[in-house]
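Visitor: give the three-dimensional model of this entry:
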Amino acid sequence: MAKKKSSNLGKLLVLLSIVLGVVALVMLIAPGFSPNSKADKIGADGVALYKVVFGNSERKLAFSFPLFLGVLLIAAGVVCSVLALLGKGGKIVSLVAAICFIAGGVLYFCTMSVYAVDVGDLSGNLKDLAIKAAKEAVSAVYNLGIGAIIGGILSILAGVAVITPIFLKK
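Guide: Below you'll find the model as predicted:
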């Protein structure tokens, strides 16, 4: 009887990880950059996380592969969690899901470090200087946004939730 309870709890935790992973992906619509106190003086507003990931010509943001990789890892974690819920692949699928969720969550927290700036047709040292200046300007006006923070937390919690049933069976 106790084994059945543990199994049901394990399935519930895996289901929870799927929900948390999907919500972490939905956080792409929330701000990735939030204005700080200096931004109030110039009237800056937040920048949605999907604009930071996929780029936005209006904001001079380019496609960011590390952030896109974070989104892909979280999506892969959701897929692996679904497979684990269906009983396919055994413990290894849960382990892969946990690794994907945790790595994706960490990349969400790295948003301020790994976003890409669109500097147009510049090249060489001029391009490097333009990127450095743009990143300094952004870091002076923006902080890590609530979308990246909540998405990262939920993704890491999903990783913990999907791996917990492995330890409950002992």
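
Visitor: hey, let's count contacts and neighbours off CA atoms from now on
Guide: Will do.

Visitor: any idea how far Ser37 is from Val14?
Guide: Taking CA to CA, to the nearest Å as the measure, Val14 falls 40 Å from Ser37.

Visitor: neighbour count winner among the two?
Guide: More neighbours surround Val14 than the other of Val14 and Ser37, with 30 against 12 (other CA atoms under 10 Å).

Visitor: where does the more buried one sit: helix, strand or coil?
Guide: Three-state assignment for Val14 (DSSP: H, G, I helix; E, B strand; the rest coil): helix.

Visitor: and Asn8, how many neighbours does it have?
Guide: 13.

Visitor: actually, Leu126.
Guide: 11.

Visitor: the spatially most central residue of the chain: what's it in contact with?
Guide: Residue closest to the average C-alpha location in the chain (CA atoms, centre = their mean): Tyr108, at 3.5 Å. By CA atoms under 8 Å, 6 or more residues apart in numbering, the contact set of Tyr108 is 67, 70, 148-149, 151-152.

Visitor: at 6 Å what do you get?
Guide: Residues near Tyr108 by CA atoms under 6 Å, 6 or more residues apart in numbering: 148, 152.

Visitor: buried set for the helix or strand containing it?
Guide: For Tyr108, the enclosing helix or strand under DSSP states H and E is helix 91-109. By 16 or more other CA atoms under 10 Å, the buried positions in helix 91-109 come out as 93-109.

Visitor: off-centre distance for it?
Guide: 11 Å (CA atoms, centre = their mean, to the nearest Å).

Visitor: any idea which helix or strand comes after the helix or strand of the chain with the lowest mean pLDDT?
Guide: Within the chain, no helix or strand scores below helix 37-42, which has a mean of 62 by mean pLDDT, DSSP states H and E. Sequence-wise, the next helix or strand downstream of helix 37-42 (DSSP H and E) is strand 47-48.
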